[in-house]
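Chemist: 3D model of this:
(2 chains)
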Amino acid sequence: MLLLIKRNLLIFLSKIWYLILAMLCICIFFFTQYNSLKYFDNNFIYIISGVDNTVGTFLLISLTLVINSIYLLYTYYLYSYDIFKCKEAIFLRISYKKWITANIISNCIIDFIISLITITLLLIYSFVVNTNVEIGIITLIIIYLSKLAMQFIYLLIIKFTGNYGSILMFLILLVGLLFKTKSIIYIYSLTSSLNNYIILLILLTINVVLILINIYLKDNNLVMRGEMEK
Amino acid sequence: MKIEVKDVTKKLDKELVLNDVSLSLDSGKIYGLVGRNGSGKSMLLKTICGFVKPDKGYVKVGGEDIYKNNTFPKKTAALIERPNYLPDLTGYENLKMLASINEVIGDKEILNTLEKVNLLEEKDKKFKKYSLGMKQKLGIAQVLMENPDIMIFDEPFNGLEEESVKKIRKLLLDEKKKGKLIIIATHIKEDINELCDIIYRVDNGKIINK
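Modeler: This next block holds a predicted model:
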């Protein structure tokens, strides 16, 4: 299983240039729009929580949307390979439960990298606009758990809809643009209304439920959705 | 190792794709599944691999009911339909990555297998640049490399040149002598005549002849 985790990470690394390219575009935008951004540095916490419709909020949405899309791209690539294209090579070598477990662990590592990049860019941004911002370990764990939940929702969608699941997931991300403070993209917005530990508990519960559903649904052969596609 | 398929029936989108299929397969033999396109050969192979749960009946591999126990058959390798691997990795890297899941073989065995299927010279080429024949050879190598007890091939010789076909046929006959259970789905007469000990004719999801 350790080697499957390594494989997942290698697959992510092979697609890393998507992430780098996207980050580069955002950084260029940050610095070219520097003069406009300076005027929106008041009440930064409100900006990142998405309450105000500002350039800063727009940047945060863009950053999160890009990062989540890249993450989904990686997940799509991995799932496409394992479930649709090369099922017999993978699942005749490893049990489904070990496959799920390897995904959870490799995603932990990848999410940590993505979260680190996100936080770094936000800190740079806050430094540029001369505002302090605190991002704690609990927020990082919340970001990881929300991404993990996304991945298992995606797996469920694939089981029910096949490859069209990727379009549906992307639409779910885009919907976030319409519902500013209540959007799933606005993970930070939850911090203004709920205690972080409660959010953590909710997300942990959601993830456990999603994992159990995904494992259980293998019993009903829905994991072999790829067969129905052929 | 024995495979037992009993009264297996499967409907997909209201179409009966497997109709009351029963088979008993033993080690040390090569079995052929023959039939026209869409007869149900591939579906039967997928059912044996644990990928398509039958609506009725059971599949036992090595005495284990794979669907009741919610598992895939052990010591089994398969090449079903068109082989597909990670396009940005070379043929060798793809096999190495798959071999790393269980870690029962090393580089030497992988290279040896590539040589056996006439793919050693192209091992460092990226998969996306492979021709159909090369992809097929890589798929066959994927099946052979870890020395499984059961080998399942769906139209394995598609796109292969004659020299490779002869070489791989000889390989499969050697594997049979080692006591492997090999199943080949094919519609090519020469494959049947040269390789198969027992042939099952499949039509409309049913075994109509043995």
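
Chemist: B:Ile199: helix or strand, and which one exactly?
Modeler: B:Ile199 is part of strand B:198-203, with elements assigned from DSSP states H and E.

Chemist: could you give the mean pLDDT of the lengthiest helix in chain A?
Modeler: Criterion DSSP state H: the longest helix present in chain A is helix A:96-128. In this model, helix A:96-128 carries a mean pLDDT of 75.

Chemist: who's the residue nearest to B:Asn209 when sequence neighbours are not counted bridged to?
Modeler: Nearest residue to B:Asn209 in three dimensions, chain neighbours excluded: B:Arg201, at 3.9 Å (CB to CB, 6 or more residues apart in numbering or on different chains). Every C-beta, even on glycine, is put in place using the N, C-alpha and C of the backbone. When bridges are called by DSSP bridges, B:Arg201 pairs up with B:Val34, B:Asn209.

Chemist: residues touching B:Arg201, list them.
Modeler: Counting by CB atoms under 8 Å, 6 or more residues apart in numbering or on different chains, B:Arg201 makes contact with B:34-35, B:207-210.

Chemist: got the CA positions of the strand holding B:Ile199 in CSV?
Modeler: The C-alpha trace of strand B:198-203 is given here as CSV (Å, rounded to 0.1, in the frame of the first residue of the first chain):
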residue,chain,number,x,y,z
ILE,B,198,-11.1,-26.7,-24.6
ILE,B,199,-13.3,-24.3,-26.5
TYR,B,200,-16.5,-22.7,-25.5
ARG,B,201,-18.7,-21.1,-28.1
VAL,B,202,-20.6,-18.1,-26.9
ASP,B,203,-23.6,-16.5,-28.5
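
Chemist: quick one: it to chain centroid distance?
Modeler: Distance, stretch centre to chain centre, for strand B:198-203: 16 Å (CA atoms, centre = their mean, to the nearest Å).

Chemist: Same question for stretch B:24-36.
Modeler: 11 Å.

Chemist: Which strands or helices does the longest helix of chain A pack on?
Modeler: Judged by 3 or more CB pairs under 8 Å, 6 or more residues apart in numbering or on different chains; DSSP states H and E, the packing partners of helix A:96-128 are helix A:2-14, helix A:16-32, helix A:34-37, helix A:55-79, helix A:137-161, helix A:196-219.

Chemist: Which of the ones you listed has the lowest mean pLDDT?
Modeler: helix A:34-37 (a mean of 57).

Chemist: neighbours of B:Glu175, just the number please.
Modeler: 19 (other CB atoms under 10 Å in any protein chain shown).

Chemist: quick check, it in a helix?
Modeler: Yes: under DSSP: H, G, I helix; E, B strand; the rest coil, B:Glu175 falls within a helix.

Chemist: now the strands for chain B?
Modeler: Per DSSP state E, chain B carries strands over the ranges B:2-12, B:15-26, B:29-34, B:56-61, B:64-65, B:76-79, B:150-154, B:181-186, B:198-203, B:206-209.

Chemist: touching chain A at all, the fifth one?
Modeler: By that I understand strand B:64-65. No: using CB under 8 Å from any CB of the partner chain, strand B:64-65 stays clear of chain A, coming no nearer than 13.1 Å.

Chemist: separation between A:Met23 and A:Ile11?
Modeler: Distance, A:Met23 to A:Ile11, using CB to CB, to the nearest Å: 19 Å.

Chemist: brain fart, B:Leu138
Modeler: Plainly put, B:Leu138 is 18 Å away from A:Ile11 if you go by CB to CB.

Chemist: So for these two, which sits in the more crowded spot?
Modeler: Neighbours were counted for B:Leu138 and for A:Ile11 using other CB under 10 Å; B:Leu138 has more, 26 against 20.

Chemist: so that one makes contact with B:Asn118?
Modeler: No: if you go by CB atoms under 8 Å, B:Leu138 and B:Asn118 don't touch, sitting 11.0 Å apart.

Chemist: tell me, how many neighbours does A:Thr205 end up with?
Modeler: Neighbourhood size, A:Thr205 [other CB under 10 Å]: 11.

Chemist: For chain B, what lies in contact range of chain A?
Modeler: Checking chain B against chain A by CB under 8 Å from any CB, the hits are B:12, B:46, B:49-53, B:70-73, B:76-81, B:83-86, B:88-89, B:97-98, B:100-103, B:142, B:152.

Chemist: Filter these down to the buried ones.
Modeler: Among the residues of chain B next to chain A, the ones that count as buried by 16 or more other CB atoms under 10 Å in any protein chain shown are B:46, B:49-53, B:70-73, B:76-80, B:83-86, B:89, B:97-98, B:100-101, B:142, B:152.

Chemist: now, which of these lie within helices?
Modeler: B:46, B:97-98, B:100-101, B:142.

Chemist: farthest pair in those?
Modeler: Farthest-apart pair in these is B:Lys46 and B:Ser100; separation 25.1 Å (CB to CB).

Chemist: Work out for me the element the closest residue to A:Thr161 other than its chain neighbours sits within.
Modeler: The shortest distance from A:Thr161 to any non-neighbouring residue, by CB to CB, 6+ apart, is to A:Leu168 (6.4 Å). Applying DSSP H and E as the criterion places A:Leu168 in helix A:165-175.

Chemist: what does the average pLDDT come to for that helix?
Modeler: Mean per-residue pLDDT for helix A:165-175: 66.

Chemist: How about stretch B:86-97?
Modeler: Taken as a whole, stretch B:86-97 has a mean pLDDT of 88.

Chemist: Next one: the residue lying closest to A:Tyr18 once chain neighbours are set aside relative to chain B, how far apart?
Modeler: Excluding its sequence neighbours, the residue lying closest to A:Tyr18 (CB to CB, 6+ apart) is A:Ile70, at 5.3 Å. For A:Ile70, the distance to chain B equals 17 Å [CB to the nearest CB, to the nearest Å].

Chemist: from what I can see A:Ile70 touches A:Ile20, true?
Modeler: No: counting by CB under 8 Å, A:Ile70 does not reach A:Ile20; the two are 9.5 Å apart.

Chemist: Mind checking which of the two has more residues around it?
Modeler: A count of neighbours by other CB under 10 Å puts A:Ile70 above the other of A:Ile70 and A:Ile20, at 21 against 11.

Chemist: Just say helix, strand or coil for the closest residue to B:Leu98 other than its chain neighbours.
Modeler: The shortest distance from B:Leu98 to any non-neighbouring residue, by CB to CB, 6+ apart, is to A:Ala89 (5.4 Å). Under three-state DSSP, A:Ala89 falls in the helix class.
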